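Visitor: Can you look at this prediction? I've put the sequence above it.
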Amino acid sequence: MAKAILHMLSTLKHMSPFDVNMALDAGYDAAIPYTNVTLDEVTALVQDAMFSRAPSAALKTGIFFAGRDAVLALDMLEAAKKALLKPFEVSLFADPYGSFTTAGAMVACTEKVLREKKNRELKGARIVIYGATGVVGYSSAVIAALEGAEVTIVGYSGLDRVAKQADEMNKRFNIKVTPADGSSHEMVRELLMKHEIALCAARAGVQVLSKDDLSAAKDLLIAADVNAVPPLGVEGCGLHDNGVVVSAHGALGIGALAIGNVKYGTESGLFKQMVTSDKPLCLDFRHAFALARQLV
């Protein structure tokens, strides 16, 4: 029987040990890292892996795309899809910096709390995403917008960079995401007061929202945070909180480890789908969100 082999391509100096462990624990017999990989190298690497095995072993061959750039990972995934030829098709999975599975988990956790405790759906909800120029924020914004939410993405270095990101998202996925400047604390609070849900995807160890910010946001329903390093992103929201009241107006908090538990299951589950599937798969944050919805 053919061994299950995963080729792991990263644009960074090192492949993530986290991702290697997850792949092997999910059922792969071997996980081979490739680092400092560029977009123009993807086709040759994919076809080299693909043509080295009999068609019957193709389903036991996987390609994983890591790195720290959501757009580049999606471009690499697309290049790999174009490189595939029947009957040698292999499975593909992009999850740069764990961001696609983290984003899927954060939005799925938010959706569940919103539905069960606020009797609302994502569709039509006003969502503001802090740290949206990062990989988790990018994916969260697209997932929420595809579900019909009114999404505002916030950058901390002025409007130009985040506006360029919103334009890229809107064109690539045919959605409407609005950019906003959050380069001062006053701007961050003003945006919070205009929205119902806050998704915090800032750098580790950065507090995004204080208790005073939460108190000022009378319409806020949920504040979710993926930062597990003190100070946490949402003051007063514990790591394991999952729908706990965090403001005098009844806003509910979702903490980083509550989201992280779903993220682990999602990434592991997608690797298992690749190993056991009877057809080639191509997985990104949309598949992560679909699985996370089943796990919450």
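Guide: Yes, it's here. Residues are numbered from 1 along each chain as shown.
Visitor: so what's residue 256 closest to, chain neighbours aside?
Guide: Distances taken as CB to CB, 6 or more residues apart in numbering put residue 228 closest to residue 256, at 3.9 Å, once the chain neighbours are dropped. Placement of C-beta: from N, CA and C, glycine included.
Visitor: can you confirm residue 204 is in a strand?
Guide: No: applying DSSP: H, G, I helix; E, B strand; the rest coil, one finds residue 204 to be coil, outside a strand.
Visitor: Identify the residue spatially nearest to it, adjacent ones excluded.
Guide: residue 229 (4.0 Å).
Visitor: Can you get me a residue count around that neighbour?
Guide: 11 (other CB atoms under 10 Å).
Visitor: follow-up on the earlier one: tell me how many other residues crowd the residue nearest to residue 256.
Guide: 15.
Visitor: Check the one 5 residues further on too.
Guide: Taking other CB under 10 Å as the neighbour definition, residue 233 ends up with a count of 28.
Visitor: surely it meets residue 202?
Guide: Yes: under the criterion of CB atoms under 8 Å, residue 233 is in contact with residue 202, at a separation of 5.8 Å.
Visitor: Contacts only, for residue 188.
Guide: The contact partners of residue 188, taken as CB atoms under 8 Å, 6 or more residues apart in numbering, are 130, 154, 182, 208-209, 213.
Visitor: Kindly provide the distance from it to residue 131.
Guide: 11 Å (CB to CB, to the nearest Å).
Visitor: between the two, what contacts are shared?
Guide: 154, 208.
Visitor: Can you name the residues that contact residue 89?
Guide: Contacts of residue 89 (CB under 8 Å, 6+ apart): 50, 58, 280.
Visitor: pretty sure the residue nearest to residue 204 contacts residue 202?
Guide: No: Residue 229 lies out of contact with residue 202 (CB under 8 Å); the separation is 10.8 Å.
Visitor: got CSV for the contacts of residue 188, with pLDDT, secondary structure and distance to residue 171 too?
Guide: CSV is the format used below for the contacts of residue 188 (pLDDT from 0 to 100; DSSP: H, G, I helix; E, B strand; the rest coil; distance: CB to CB, whole Å):
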residue, pLDDT, secondary structure, distance to residue 171
130, 96, strand, 23
154, 96, strand, 20
182, 94, coil, 23
208, 95, coil, 28
209, 97, strand, 30
213, 97, helix, 32
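Visitor: Between which two of those is the distance greatest?
Guide: Using CB to CB, the two most remote members of the contacts of residue 188 are 154 and 213, lying 12.9 Å apart.
Visitor: between the two, which one's more packed in?
Guide: residue 154 (30 against 23).
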